[in-house]
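K.L.:
next input, structure requested:
(one chain, ligands or ions: 1)
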Amino acid sequence: MGGENPNMQIAPGIHRVPTVTGSNAVLLVDEQIAVIDTGYPGNGETILAYLKDIGRSQKDLAWIITTHHHFDHTGTAAELHELTGAPVVAHEDETEAGPDGTPRLRKATERQHIPFWYRWLVQGFRPREIERPVIPDVPVQHIVKHGDVLPLLGGVHIMHTPGHTPGSICLLIEKPAALFLGDSAINNTSRISRPLMWDRGARRELDESLRSLRQIDANVALFGHGPALTEAVMPKIRALTDKPYDVPTWRIVLKNWRTLRRFYSANRRPGGLAGTG
Ligand SMILES: [Zn+2]
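P.N.:
Below is the predicted model:
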């Protein structure tokens with residue numbers, strides 16, 4: 001544990017904003033700046049204060065990239081857009097038409113039927129308002145597809161990696177060579193794992209997406225949850241798909257319930273899993 005390191009640079013130009021609640025929020029810092037994911041609602045001040053700490057202005061924020069629609073990643077996206085005017089970026093399959101026809105992040109859960117016993121045993125009872133939070137509307141101003149490139153750090157390549165959600169993306173950064181996995185993989189600090197998937201079709205889809213990353217070369221891997229990896233990076237990512245993976249979900253839960261419980265409680269703390277590693 002101990003104090004947070006005030007300099008949260010993971011690699012040249014790549015920073016993790018400390019004390020964000022929910023997912024990690026990662027900054028790509030070049031002439032212009034992008035933030036990848038924003039955590040739960042209410043992290044706007046924290047993210048903009050960090051920009052100031054590294055001597056930059058919120059005017060430099062040019063993109064608010066969302067790896068997928070989940071609330072713990074996109075809760076502050078609309079707020080940051082309001083504060084800075086930077087466009088929210090999302091894959092087209094992660095959007096739906098809002099009431100006025102303009103795109104916004106989807107809100108519906110994607111084919112996941114989470115059984116009652118799982119909520120009860122692993123996620124823990126929570127008051128109704130936490131269980132069913134008010135999910136803000138997140139208008140999307142910049143829709144991306146597989147192969148698109150954003151002009152930062154030598155090029156930020158968008159890879160469509162469906163599975164966790166239909167429009168989940170991974171990002172491959174050229175300089176430094178870094179792979180951002182969103183929730184397609186999680187760093188539990190003790191090991192890298194897939195997110196828990198209840199729908200077997202979606203799980204197969206995720207598997208295919210993870211397989212498509214096997215040829216990639218990156219020296220750094222960043223996750224939606226958990227600390228970055230800077231050593232033996234690609235062997236660890238490839239190990240996820242070394243063996244076929246088609247066991248019943250209840251068995252995965254039984255084997256990993258301690259890790260899963262830790263995940264949910266860390267998600268509610270500033271810094272999340274990355275703050276504990
Ligand atoms: Zn997610």
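
K.L.:
what residues does the stretch 51-200 of the chain put near the ion?
P.N.:
Residues of the stretch 51-200 of the chain lying close to the ion (CB under 5 Å from the ion) are H70, D183. To be clear about C-beta, it is placed using only N, CA and C from the backbone, and glycine gets the same treatment.

K.L.:
let's go with 6 Å and repeat that
P.N.:
Residues of the stretch 51-200 of the chain lying near the ion by CB under 6 Å from the ion: H68, H70, H164, D183.

K.L.:
pretty sure the third one sits against D183.
P.N.:
Yes. Under the criterion of CB atoms under 8 Å, H164 makes contact with D183 at 4.7 Å.

K.L.:
so what's in contact with these two at the same time?
P.N.:
Counting by CB atoms under 8 Å, 6 or more residues apart in numbering, the contacts common to H164 and D183 are H68, P195.

K.L.:
who's more crowded, those two?
P.N.:
Taking neighbours as other CB atoms under 10 Å, H164 and D183 compare with H164 leading, 28 against 23.

K.L.:
where in the protein is pLDDT low?
P.N.:
Within the chain, the stretches with pLDDT under 70 are 1-7, 109-112, 122-133, 274-277.

K.L.:
again, only using 90
P.N.:
Along the chain, the model assigns pLDDT under 90 to residues 1-8, 107-136, 188-191, 196-203, 243-277.

K.L.:
which parts of it are helices?
P.N.:
Ranges of helices in the chain, per DSSP state H, are 44-53, 71-74, 77-84, 116-118, 128-131, 200-211, 233-239, 249-267.

K.L.:
distance-wise, check the closest residue to H81 other than its chain neighbours relative to the ion.
P.N.:
Nearest in space to H81, with sequence neighbours left out and distances taken as CB to CB, 6 or more residues apart in numbering, is V88 at 5.4 Å. Noted for V88: a distance of 16 Å to the ion, by CB to the ion, to the nearest Å.
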